[in-house]
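A.B. asks: here is my input; please provide its structure:
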Amino acid sequence: MSDYPVLLHTAIDAQDCRGLAEFYRTLLGLHYREGEAPPTDGSPDDADWLVLLDDGGHRVVTIQEKSDTMPPTWPSEAVPMQMHMDFRVPTVRDLERHREHAERLGARLLYDRSNDEGEPLYVLADPAGHPFCLLVQ
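C.D. replies: Numbering: from 1, shown residues only. Take a look at the predicted model:
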């Protein structure tokens, strides 16, 4: 028995559940929980909750459909950022590679601090507008 709760996964609301799940699946090299992969037979995709797992079968991210969610407007607080994730990379070269990959997948750059000598980083928004950071550590 643990003395502390254990994080099961991070759940993110999105208007396009499958679209955002595909973004994080591809960005982080994850896979769907059994039975949740996109339909390949032409049937409609009615996914409203998708669980993404790592290679060890551990939950990492879940995406929940929420049609009335509003994308955060960071750095403005007009629509506040409810959460964000930080992803560590080992080198500045990896930082650049992963930023480019995220942008190819539909992310957009919000803030560039890649020249910071102490902790180079980028703040990007995923396709649903949720900010996330790529940083060297």
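A.B. asks: domains of this protein?
C.D. replies: The chain breaks down into these domains under automatic domain parsing: 10-65, 85-136.
A.B. asks: would a markdown table of these with mean neighbour count be doable?
C.D. replies: In this view, the C-beta of every residue, glycine as well, is placed from N, C-alpha and C. Converted to a markdown table, those look like this (neighbours: other C-beta atoms under 10 Å):
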| stretch | mean neighbour count |
| --- | --- |
| domain 10-65 | 16 |
| domain 85-136 | 16 |
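A.B. asks: which pLDDT value belongs to the residue nearest the centre of the chain?
C.D. replies: Among the residues of the chain, Y24 comes closest to the average C-alpha position under C-alpha atoms, centre = their mean, at 4.7 Å. On the pLDDT scale, Y24 is placed at 97.
A.B. asks: spatially nearest residue to it (excluding sequence neighbours)?
C.D. replies: Excluding the flanking residues, the one nearest Y24 by C-beta to C-beta, 6 or more residues apart in numbering is V61, at 5.1 Å.
A.B. asks: quick check: the one you found vs D41, distance?
C.D. replies: Distance, V61 to D41, using C-beta to C-beta, to the nearest Å: 26 Å.
A.B. asks: equivalent analysis for L109, please.
C.D. replies: Distance from L109 to D41, by C-beta to C-beta: 37 Å.
A.B. asks: for the residue nearest to Y24, give me the pLDDT.
C.D. replies: pLDDT, read off for V61, is 95.
A.B. asks: let me know the secondary structure of it.
C.D. replies: strand (DSSP: H, G, I helix; E, B strand; the rest coil).
A.B. asks: just checking, it touches A14?
C.D. replies: No: with contact defined as C-beta atoms under 8 Å, V61 does not reach A14; the gap is 10.9 Å.
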